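1. Quick one, fold the following:
(one chain, ligands or ions: 2)
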Amino acid sequence: MKKVLIIAGFDPSGGAGVLLDVKVVRALNSYATSVVTSLTVQDTQRVYDLKPIDPHFFEYQLQKVVEDIKPDSVKIGLLGSSEIAVVVLRNLKRYNLKKVVCDPVLKSTSGFEFCKSEFIEFLKYEFFKACDVITPNKNEAEVIFDVEIKNFDEDVLSCVQERMKKMGIKSCILKGGHLPGEVAEDVLITHNDIFKVHAKKQGFTDSIHGTGCAFSTAFATFLAKGYNMYDALISTKEYVSNLIYKSTKIGNGKLILNP
Ligand SMILES: Nc1ncnc2c1ncn2[C@@H]1O[C@H](COP(=O)(O)OP(=O)(O)O)[C@@H](O)[C@H]1O
Ligand SMILES: Cc1ncc(COP(=O)(O)O)c(N)n1
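-> Ligands and ions are numbered 1, 2, ... in the order given. Purely as a prediction, here's the structure:
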């Protein structure tokens, strides 16, 4: 049984964060451990508040679980505070953790700002380097790479590729759910390759919640199973598209995924 370590925030409604991530890992027949970075006050309509976990207590939990159950891959979601991010970075290095997938959650679909600007600089120039792949959506990629993204044309993608090299980011999957058009396209960019996948768009991206969380967790799980990045992306795209096609309205707000 492959083991995926989830480092993410807690959404009590289960539409995003660790509750969703653990279900995705389980649905893909793997085992999830999880260390919570922050608690949110949240429902299917919006995020109201966030309280980061004490960084010392967080580190204590992280170290105990990693020393006992060595993960085959790591998914990092909402970090919640720069102090927690520093602890995560230190321990990625200390335990030499492999196959680290980071979903750079900067803002919720409903518009809640999860990161202040100095924290974003730390992520851009220190944290992402320690990850094997980051999975920004359109808005996150614009902030991280300081580029306007209206489509995934060649010039945009090669600009992102150049900036990744300069910043020391190893690989990146740009998620295109928020771009206009009939298809939801995602692009894996490495230092010497660009690889696209796409699926038919279903419904309105802004009315579905948790797609980015499910995407990065499924990708980390396929890596844990030994898939290379290309095959992991193909399988993740198929898996997440099916979850989106079956998304349901469980509360008064956005549709949720139910792995
Ligand atoms: N309406 C949609 N129909 C099908 N796939 C979608 C839709 N919206 C997003 N996706 C896919 O879901 C995944 C998450 O993407 P995206 O919504 O861009 O990120 P985020 O949830 O982080 O904002 C990507 O694979 C994207 O292509
Ligand atoms: C705990 C937690 N983690 C991540 C997200 C982002 O998900 P989304 O962009 O779907 O709001 C969230 N809302 N809450």
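2. touching ligand 2 at all, the longest strand anywhere in the chain?
-> Of all the elements of type strand in the chain, the one with the most residues (DSSP state E) is strand 31-42. Yes. Counting by C-beta under 6 Å from any ligand atom, contacts between strand 31-42 and ligand 2 involve 40, 42. Every C-beta, even on glycine, is put in place using the N, C-alpha and C of the backbone.
3. ok, the residue of the stretch 51-200 of the chain found nearest ligand 1 - contacts?
-> Residue nearest to ligand 1 within the stretch 51-200 of the chain: residue 177 (2.4 Å; C-beta to the nearest ligand atom). Neighbour list for residue 177: 137-138, 184, 201, 205, 211 [criterion: C-beta atoms under 8 Å, 6 or more residues apart in numbering].
4. can you tell me which of those residues are in helices?
-> Within those, residues falling in helices by DSSP state H are 138, 211.
5. Neighbour count added to the contacts of residue 177, as TSV?
-> Below are the contacts of residue 177 laid out as TSV (neighbours: other C-beta atoms under 10 Å):
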residue	neighbour count
137	25
138	18
184	22
201	18
205	18
211	24
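6. restrict the contacts of residue 177 to contacts with ligand 1.
-> Applying C-beta under 6 Å from any ligand atom to those, one finds that 137, 184, 201, 205, 211 fall near ligand 1.
7. tell me the two of those that are most distant?
-> Farthest-apart pair in those is 137 and 201; separation 14.2 Å (C-beta to C-beta).
8. quick one, strands of the stretch 101-250 of the chain?
-> All strands of the stretch 101-250 of the chain, identified by DSSP state E, counting those that start in this stretch, fall at 133-134, 172-175, 183-189, 194-200, 208-209.
9. If I average pLDDT within each of these, which one is lowest?
-> When these are ranked by mean pLDDT, strand 208-209 comes last with a mean of 92.
10. which ones are touching the residue in the stretch 151-259 of the chain that ligand 2 sits nearest to?
-> Nearest residue of the stretch 151-259 of the chain to ligand 2, counting by C-beta to the nearest ligand atom: residue 209, 4.3 Å away. Contact analysis of residue 209 by C-beta under 8 Å, 6+ apart lists 15-16, 44, 109-110, 253-257.
11. ok, 7 Å please
-> 15-16, 44, 109, 254-256 (C-beta atoms under 7 Å, 6 or more residues apart in numbering).
12. Now do the same for residue 110: its pLDDT.
-> 80.
13. Now residue 209: closest residue in space, sequence neighbours ignored.
-> With C-beta to C-beta, 6 or more residues apart in numbering as the criterion, residue 209 has its nearest non-adjacent residue at 3.8 Å, and that residue is residue 254.
14. State the number of residues packed around the one you found.
-> By other C-beta atoms under 10 Å, the residues close to residue 254 number 23.
15. now residue 165
-> Residue 165 sits with 13 neighbouring residues when counted by other C-beta under 10 Å.
16. Please tell me I have it right and it contacts residue 190.
-> No. With contact defined as C-beta atoms under 7 Å, residue 165 does not count as touching residue 190 (10.0 Å).
17. related to what we said a few turns ago, could you confirm whether the helix or strand just after the longest strand of the chain reaches ligand 2?
-> Downstream of strand 31-42, the next assigned helix or strand under DSSP states H and E is strand 47-52. Yes. Interface with ligand 2: strand 47-52 contributes residue 47 (C-beta under 6 Å from any ligand atom).
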